[in-house]
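[1] Show me the folded form of this:
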Amino acid sequence: MNNDVMLLRMLVRTYDDFQATRKRIDNRLKRKKNGELQKGVAVYDIADAELLDKFGNAAATQERDIKKSLRDVLKRFPIWSEWLKSDVKGVGEIAAGRIISEIDINIATTVSKIWQFCGLNPGLVRGKKVMTLSKAEKSGLKITKVIEGKDGEQKAYVLTDEMIPGDRLTAGFVSPFNKSLRAALLGVLADGFIKASSSYRFEYYDKYKNRLENSTNVVKERKGGKIIDVMWKDATPQHRNMAAKRYMIKMFLKDLYVIWRGFEGLPVRPSYQEEYLGHKHVG
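    Below is the predicted model:
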């Protein structure tokens, strides 16, 4: 990881810290999004509320300052200045900083690897576990990374032969994807595309959701504590909404992969579905 990427990651994570602090203070003060206090809700004594307000305002100032710094650092990345900023509506500095600093485009040799890293692969993958280094060495399993645990003992990430879902957490296994990145993509960025009326919304989200609303294909859905089969057209609106968001984000990442690898002079391969299964993504 080069210095620019490390700085970008530090700025984004520091921004998250200050934003979380401000939100906690706003919640404790019962403050609404417009800055006003909720009527009829008990708050702290005036002096105490002013003290918390002071720290909340300081955190908000830090958020703004970090965003200014992010703009300067992002200029060092062509994928931001020559594509995300100019051609993609709905991608702000924080989202761009998170994507660029978390995804290593040099090792993402296929878009399928990016989908997996972002938690958008519903297929099965080999699960990873964490164990003490000594136990890992005796297991005969492939060690992928060694870290120092909180207790000072060395731990190892090992690749097992057990298969787990690529887009869900499985007890006893390391998350097979970047949890914070997936949350940011499916939450913040997807909503940003929709609100900004991005081309990704019209080309992928709207069309895909419309297809699901009329589809008789069967999907699993949880109802009344049970997993049942339902046709997409009978699934809950929220289920179809999330499926459409996932598809939209996958198509964005597909474009990101091609354009980013191109800027870096790296070879581009079609996705697994296109290369081996003959599938083509259409809106």
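[2] From here on, just use CA atoms for contacts and neighbour counts.
    Fine.
[3] any idea where the helices of the stretch 51-200 of the chain begin and end?
    Ranges of helices within the stretch 51-200 of the chain are 78-79, 85-87, 93-102, 111-117, 133-139, 179-183, 190-195, 199-200, based on DSSP state H, counting those that start in this stretch.
[4] mind showing which ranges of this structure have poor pLDDT?
    35, 37-43, 271-283 (pLDDT under 70).
[5] in it, which strand has the most residues?
    strand 154-165 (DSSP state E).
[6] Distance from the chain centre to it, please.
    22 Å (Cα atoms, centre = their mean, to the nearest Å).
[7] Now do that strand: which elements does it pack against?
    With contacts defined as 3 or more Cα pairs under 8 Å, 6 or more residues apart in numbering; DSSP states H and E, strand 154-165 has these neighbours: strand 124-132, helix 133-139, strand 142-148.
[8] so can I have JSON lines of the ones you listed showing mean neighbour count and distance to residue 201?
    Shown next, in JSON lines, are the helices and strands packed on strand 154-165 (neighbours: other Cα atoms under 10 Å; distance: least, Cα to Cα, whole Å):
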{"stretch": "strand 124-132", "mean neighbour count": "17", "distance to residue 201": "29"}
{"stretch": "helix 133-139", "mean neighbour count": "14", "distance to residue 201": "46"}
{"stretch": "strand 142-148", "mean neighbour count": "14", "distance to residue 201": "38"}
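[9] so which of the ones you listed gets nearest residue 12?
    Nearest to residue 12, of all the helices and strands packed on strand 154-165, is strand 142-148, at 23.3 Å by Cα to Cα.
[10] rewinding a little: could I get the helices of the stretch 51-200 of the chain in CSV, plus columns for distance to residue 5?
    Output for the helices of the stretch 51-200 of the chain, formatted as CSV (distance: least, Cα to Cα, whole Å):
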stretch, distance to residue 5
helix 78-79, 13
helix 85-87, 18
helix 93-102, 5
helix 111-117, 17
helix 133-139, 29
helix 179-183, 15
helix 190-195, 23
helix 199-200, 26
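[11] which one of those lies closest to residue 11?
    Of these, nearest to residue 11 by Cα to Cα is helix 93-102, at 8.3 Å.
[12] centre of the chain versus the closest one, how much separation?
    In terms of Cα atoms, centre = their mean, the centre of helix 93-102 is found 10 Å from the chain centre.
[13] So which elements touch that helix?
    Contacts defined by 3+ Cα pairs under 8 Å, 6+ apart place helix 93-102 against helix 3-28, helix 46-74, helix 179-183.
[14] Tabulate the ones you listed in TSV, adding columns for mean neighbour count and distance to residue 198.
    Shown next, in TSV, are those (neighbours: other Cα under 10 Å; distance: least, Cα to Cα, whole Å):
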stretch	mean neighbour count	distance to residue 198
helix 3-28	17	23
helix 46-74	15	21
helix 179-183	16	19
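[15] Would you map out the domains in this structure?
    What the record gives for the chain is the domain set 3-76, 124-176, 180-276, from automatic domain parsing.
[16] sorry, back to before: okay, now the sheet partners of the longest strand of the chain, with direction.
    strand 124-132 (antiparallel), strand 142-148 (antiparallel) (DSSP bridges).
[17] quick one: which of these is nearest residue 269?
    Judged by Cα to Cα, the one of the strands paired with strand 154-165 that comes nearest to residue 269 is strand 124-132, at 20.4 Å.
[18] Let me have the helices and strands packed on helix 93-102 in CSV, adding distance to residue 192 as columns.
    Converted to CSV, the helices and strands packed on helix 93-102 look like this (distance: least, Cα to Cα, whole Å):
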stretch, distance to residue 192
helix 3-28, 17
helix 46-74, 17
helix 179-183, 13
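[19] Nearest to residue 120, out of those helices?
    Comparing the helices and strands packed on helix 93-102 under Cα to Cα, the one sitting nearest is helix 179-183, at 7.9 Å.
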